[in-house]
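# can't give you the sequence, but here's the structure:
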């Protein structure tokens, strides 16, 4: 004789049938925007649920998570990057009072939504007795590689100031402006400083501030340099490298760490 099922038949002929019990303690509330996320992988969703269930101050380093779960460090690191790109995690490097660099992680149970950009007021019309100033020729559209470099620079601005956490659509909208700066010979470090330094204390729309600074402060194109004299050796600039500590772009003859990050040996100590 077959045992009767505890689940009564209902109007659902197939698919999942929920048997839910109301929790009184030891539970965490997860929104469907995470549980049913259309872009995140299953590993990333599960990892986000685990992180949101932890007490504040619990370590969630890659090695700690790999020791807790069967997924290896590579898959866990990829899942953390997914959550960071989707806005569920924010990781920044901070210096402790003892002088050590540590990673500070902020978990959002609901990522902050993008702030509507605040457009600058239109300029006043020119006086009637003056001839209109001709519009400058439009900048050539940046290529895919230049757009990606510009988007990466914008995404890393939150490492300088957590308030510069830009929405993905704002990054796509502002990337051509950053690419124009880079095309005019501006170094990525100089662009980052121009966008992230001396921010207003009551900033409500980081995307609007970044957009204004890109438009108002764009540098002129570098003047053409005369060709070197015959027999003069031309020193090529060092190639671009990605910092092993903070992943920022910098010029150096060999891969390694940028000047803002301590050497690898000092972190291990």
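Yep, that arrived. Note that the coordinates shown come from a computational prediction; the quantities given were computed from them, not determined experimentally. Numbers count the residues shown, from 1 in each chain.
# going by residue numbers, what spans are strands in the stretch 101-250 of the chain?
Here the stretch 101-250 of the chain has its strands, by DSSP state E, counting those that start in this stretch, at 101-107, 240-242, 249-251.
# and those strands as JSON lines, adding mean pLDDT?
Below are the strands of the stretch 101-250 of the chain laid out as JSON lines (pLDDT from 0 to 100):
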{"stretch": "strand 101-107", "mean pLDDT": "83"}
{"stretch": "strand 240-242", "mean pLDDT": "78"}
{"stretch": "strand 249-251", "mean pLDDT": "76"}
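# tell me the most buried of the ones you listed?
Stretch with highest mean neighbour count among the strands of the stretch 101-250 of the chain: strand 249-251 (a mean of 16; mean count of other CB atoms under 10 Å). To be clear about C-beta, it is placed using only N, CA and C from the backbone, and glycine gets the same treatment.
# by contact count, what packs against that strand?
Contacts defined by 3 or more CB pairs under 8 Å, 6 or more residues apart in numbering; DSSP states H and E place strand 249-251 against helix 144-155, helix 188-196, strand 240-242.
# least reliable of the ones you listed going by mean pLDDT?
Among these, strand 240-242 carries the lowest mean pLDDT, a mean of 78.
# just give me the residue closest to the centre of this structure.
Residue closest to the mean C-alpha point of the chain, counted by CA atoms, centre = their mean, is residue 155 at 3.1 Å.
# now do the contacts for it.
When contacts are counted by CB atoms under 8 Å, 6 or more residues apart in numbering, residue 155 is found next to 85, 166, 171.
# of those residues, keep whichever come out buried.
Neighbour-count burial (16 or more other CB atoms under 10 Å) is assigned, among the contacts of residue 155, to 166, 171.
# as JSON lines, the contacts of residue 155 with distance to residue 213 would be great.
Formatted as JSON lines, the contacts of residue 155 follow (distance: CB to CB, whole Å):
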{"residue": "85", "distance to residue 213": "24"}
{"residue": "166", "distance to residue 213": "13"}
{"residue": "171", "distance to residue 213": "15"}
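# helices - which of the contacts of residue 155 land there?
85, 171 (DSSP state H).
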